[in-house]
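> Got a predicted structure here, sequence first:
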Amino acid sequence: MALSIPTVREEVGALARLAFPLALAAGAQALMGVVDTAVVGRAGAVPLAGTGLGNILFFSVAVAGMGMMMGLDPLVSQAFGARDAGRARHLLWQGAWLSAAVGAALAVPLALAPLALVPGGIEPEVARQASGYLWARLPGLPPLLFFFAARSYLQAALAPRAVLASAVLANVANLLLDLVLVFGGAGLGRWAGPLRAVPPLGATGSGIATTLATLLQAAVLAWAVARLPSGSGFSRAPAREELARAVRVGLPVGLHMGAEVGIFALVGFLAGRLGTIPLAAHQVAIAVASFSFNAAVGIGSAGSVRVGWAVGARDTLAARRAGLVAFGTGAAFMAVWGAAFLAFPGAFARLMSGDPSVAAAATPLFRVAGVFQVADGVQGVGAGVLRGAGDTRFTFAANMVGHWALGLPAALLLGLALGWGVTGLWWGLCAGLVAVAVALFLRFRDISSRELVPIHVGAGTAAGQEVER
């Protein structure tokens, strides 16, 4: 029997209680990248460009694994919606096994990526810094993927505060480690002991710091999960059927995230071909824009849980209400960020870089970011609510068409053919984001007009509700 449908006010309240800590946690997660950029930026344009390029390369590969883990979101939330805590805990264990396997597989291309930098046209010194950063991040990949699996479980269990606490602790650790490892410990007092012997490691030191912070974060979430009731009737052993289902749901998520991050990575690479200053400006702007996007990530994650719970309870009307409220809330929050970027682009640029030439090049990028904030928020929330409904294939298709068939040609035309430089590349990104946002909103409005069924009921497709169409 369907549950009573919440009013809009009740749904906004429920979404806010879940989204607020998740948005803060997502922001804190992204803040590590912002802190890395701000700290390394004080070491010079070359270390900053190397850190930015290394970070882009890391996430352009790791994002596929992160998306795979996020495929657990609808499975776990629908299990909780069906009041099956044992199945939810069983799915978490499958996520742990999956994070180890996927992490090992993705480490191979990441380890080899630095070999292509100099032949690809990146300046040798920037390539050296990027290589050191990338190799330092490799050991943190499996813990990072486990973090996403554990986050899926904790947010679906309505225990998001542990996710926020882990992100805060990781940020504190990352900042302190950054300061020591990037600049070295020679300037520390006697109290620092052997830390005073640490040499300045530049971009490599930043990578080491982030890896250690990620390990801490994963450990905190594992501890938090262990403190929750586990239900009964679950197994810790790998289960082929459940792993296959998680892959079917998660693979399109990983591919869609890869398509989105990949286009930003390609733009970063093209910015690098334009020179060190354009690349550094791109890194400055993308770090802050990624931070602002995490308001939408938190709302999208909360919307995914709210929709997933409703689908698990077989209440399509409640799922539709939850998704539409999430869309509206995400657009409103991102509009505030957009207004800030448009009003103070130079202030944001100077905050992130002490190099006047980098700040000047980044200022117009913040204006472009201000224009696409609402669209970025809508597409981020849309991916979340569609994921909660179990519809992951369409999001991948929309990202491929929007970013690669529309956004990339626009970026190449404006940035390179017409000579607008890195600013033109960003206008191309803007066009792609708008296209994806419109597509995802229309898709959710369409599928929620018909019955949505849990994924395990419609097993055999990446989106359970496909059997209803």
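That came in fine, so what should we check first? Numbers count the residues shown, from 1 in each chain.
> and the end-to-end length of stretch 236-244?
Distance across stretch 236-244, first residue to last, is 16 Å (CA to CA, to the nearest Å).
> tell me which residues of that stretch are tucked away?
Across stretch 236-244, burial judged by 16 or more other CB atoms under 10 Å covers 239, 242-243. Just so you know, the C-beta spots here come from the backbone N, C-alpha and C atoms, and that holds for glycine as well.
> Packing partners of the one helix or strand residue 395 maps to?
If you go by DSSP states H and E, residue 395 is part of helix 393-399. For helix 393-399, the elements it packs on are helix 240-274, helix 356-389, helix 421-447, judged by 3 or more CB pairs under 8 Å, 6 or more residues apart in numbering; DSSP states H and E.
> Using CSV, write out every CA atom in that helix.
C-alpha atoms of helix 393-399 as CSV (Å, rounded to 0.1, in the frame of the first residue of the first chain):
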residue,chain,number,x,y,z
ARG,A,393,21.4,4.8,-18.7
PHE,A,394,19.6,8.0,-19.8
THR,A,395,21.8,10.2,-17.7
PHE,A,396,24.9,8.7,-19.5
ALA,A,397,23.3,9.3,-22.9
ALA,A,398,22.3,12.9,-22.1
ASN,A,399,25.9,13.7,-21.0
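> Give the next helix or strand downstream of the longest helix anywhere in the chain.
The residue-count maximum for a helix in the chain (DSSP state H) belongs to helix 276-312. On the C-terminal side of helix 276-312, the closest following helix or strand by DSSP H and E is helix 316-343.
> How far off centre is that following helix?
In terms of CA atoms, centre = their mean, to the nearest Å, the gap separating the centre of helix 316-343 from the centre of its chain is 17 Å.
> just to revisit the earlier point, closest one of the buried residues of stretch 236-244 to residue 49?
Proximity to residue 49 was ranked across the buried residues of stretch 236-244 by CB to CB; first place goes to residue 243, at 39.7 Å.
> residue contacts, that closest one?
94, 97-98 (CB atoms under 8 Å, 6 or more residues apart in numbering).
> just to revisit the earlier point, quick check: mean pLDDT of the helix holding residue 395?
With pLDDT averaged residue by residue, helix 393-399 scores 93.
> Go through it and flag the buried ones.
393-396, 398-399.
> Quick check: residue 261 touching residue 59?
Yes - taking contacts as CB atoms under 8 Å, residue 261 lies within contact range of residue 59: 5.6 Å.
> what residues do the two have in common as contacts?
Contact criterion CB under 8 Å, 6+ apart; residues shared by residue 261 and residue 59: none found.
> Look at the nearest residue to residue 401 once chain neighbours are set aside and report its pLDDT.
Nearest residue to residue 401, sequence neighbours excluded (CB to CB, 6 or more residues apart in numbering): residue 435, at 7.1 Å. Per-residue confidence at residue 435 stands at 95 (pLDDT).
> And residue 435, how far from residue 312?
Per CB to CB, to the nearest Å, residue 435 is found 31 Å from residue 312.
> Put together JSON lines for the contacts of residue 243, with neighbour count, distance to residue 427 and pLDDT on each row.
Written out in JSON lines, the entries for these read as follows (neighbours: other CB atoms under 10 Å; distance: CB to CB, whole Å; pLDDT from 0 to 100):
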{"residue": "94", "neighbour count": "27", "distance to residue 427": "42", "pLDDT": "91"}
{"residue": "97", "neighbour count": "18", "distance to residue 427": "43", "pLDDT": "93"}
{"residue": "98", "neighbour count": "24", "distance to residue 427": "38", "pLDDT": "93"}
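> Tabulate the buried residues of stretch 236-244 in TSV, adding columns for pLDDT.
Compiled in TSV, those are given as follows (pLDDT from 0 to 100):
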residue	pLDDT
239	81
242	83
243	86
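> Closest to residue 22 out of these?
Sorting the buried residues of stretch 236-244 by distance to residue 22 puts residue 242 at the head of the list, at 24.8 Å, by CB to CB.
> Would you mind confirming that the closest one makes contact with residue 93?
No - the criterion here is CB under 8 Å, and residue 242 misses it with residue 93 at 9.0 Å.
> quick one on the thing from earlier: centre of the chain to the longest helix of the chain, how far?
6 Å.
> That one vs helix 356-389, what angle?
Orientation note: helix 276-312 sits at an angle of 20 degrees relative to helix 356-389 (axes from the mean of the first three to the mean of the last three CA atoms, to 10 degrees).
> how about helix 276-312: buried residues?
Of all the residues in helix 276-312, those buried under the rule 16+ other CB under 10 Å are 276-312.
> what about the helices in the stretch 51-200 of the chain?
Ranges of helices within the stretch 51-200 of the chain are 72-81, 85-112, 124-137, 141-156, 161-183, based on DSSP state H, counting those that start in this stretch.
> Pick the most buried one from these.
With neighbours defined by mean count of other CB atoms under 10 Å, none of the helices of the stretch 51-200 of the chain is more surrounded on average than helix 72-81, at a mean of 29.
> Check which helices and strands that helix sits against.
Counting contacts by 3+ CB pairs under 8 Å, 6+ apart, helix 72-81 packs against helix 85-112, helix 141-156, helix 240-274, helix 276-312, helix 356-389.
> ok, and what's touching it?
Contact partners of helix 72-81, identified using CB under 8 Å, 6+ apart, comprise 85, 87-88, 91-92, 94-95, 148-149, 152-153, 155-157, 245-246, 249-250, 301, 304-305, 307-313, 384, 387-390, 392, 454-456.
> one more time with 7 Å
Around helix 72-81, the neighbours that count as contacts under CB atoms under 7 Å, 6 or more residues apart in numbering are 87-88, 91, 95, 149, 152-153, 156-157, 245-246, 249-250, 304-305, 308-313, 387-388, 390, 454-455.
> average pLDDT across it?
Looking at helix 72-81 alone, the average pLDDT works out to 88.
> Also stretch 204-220?
Averaging pLDDT residue by residue across stretch 204-220 gives 92.
> With stretch 159-171 instead?
For stretch 159-171, the mean confidence score works out to 91.
> Convert it to CSV, retaining C-alpha atoms only.
What follows is the C-alpha trace of stretch 159-171 in CSV, where atoms were taken according to Å, rounded to 0.1, in the frame of the first residue of the first chain:
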residue,chain,number,x,y,z
ALA,A,159,22.9,8.9,9.2
PRO,A,160,24.6,11.6,7.1
ARG,A,161,26.3,13.3,10.0
ALA,A,162,29.1,10.7,10.0
VAL,A,163,29.8,11.6,6.4
LEU,A,164,30.1,15.2,7.3
ALA,A,165,32.3,14.5,10.3
SER,A,166,34.7,12.4,8.2
ALA,A,167,35.0,15.2,5.7
VAL,A,168,35.8,17.8,8.4
LEU,A,169,38.5,15.6,9.9
ALA,A,170,39.9,14.9,6.5
ASN,A,171,40.1,18.7,5.7
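> one step back: pick the most buried one from the helices and strands packed on helix 393-399.
When the helices and strands packed on helix 393-399 are scored by mean count of other CB under 10 Å, the highest mean neighbour count falls to helix 356-389 (a mean of 25).
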